[in-house]
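Asker: Sequence and predicted structure below; questions after.
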Amino acid sequence: MIVCVCNNISDREIRQAVDLGLTSMADLYKELGVGTCCGKCVSYAREVMHEHLESKTVVTELRRAPADGLVA
């Protein structure tokens, strides 16, 4: 879905940008041009960005399973 009509930026592009490390509206503004014209997209772009940031899983520990497949 198009989030920023003025610059033709989709929600998918915003999620991809988050995956590449963008974490703020200032980043989206600078790198994608979100909100640089009329500004009507800013609230929805922020929502898409925050939802995607919250959905990302952060691995903090890896546990190797024994060869027989049972976790101790």
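Answerer: Thanks, I have the structure now. Numbering: from 1, shown residues only.
Asker: Was I right to think residue 8 contacts residue 1?
Answerer: No - with contact defined as CB atoms under 8 Å, residue 8 does not reach residue 1; the gap is 11.7 Å. Yep, even glycine has a C-beta here, placed from its N, CA and C like the rest.
Asker: between those two, who's got more neighbours?
Answerer: Per other CB atoms under 10 Å, whichever of residue 8 and residue 1 has more neighbours is residue 8, with 10 against 7.
Asker: Show the contacting residues for the more buried one.
Answerer: residue 2 (CB atoms under 8 Å, 6 or more residues apart in numbering).
Asker: One more: residue 44?
Answerer: Residue 44 touches residue 3, counting by CB under 8 Å, 6+ apart.
Asker: what secondary structure does it sit in?
Answerer: helix (DSSP: H, G, I helix; E, B strand; the rest coil).
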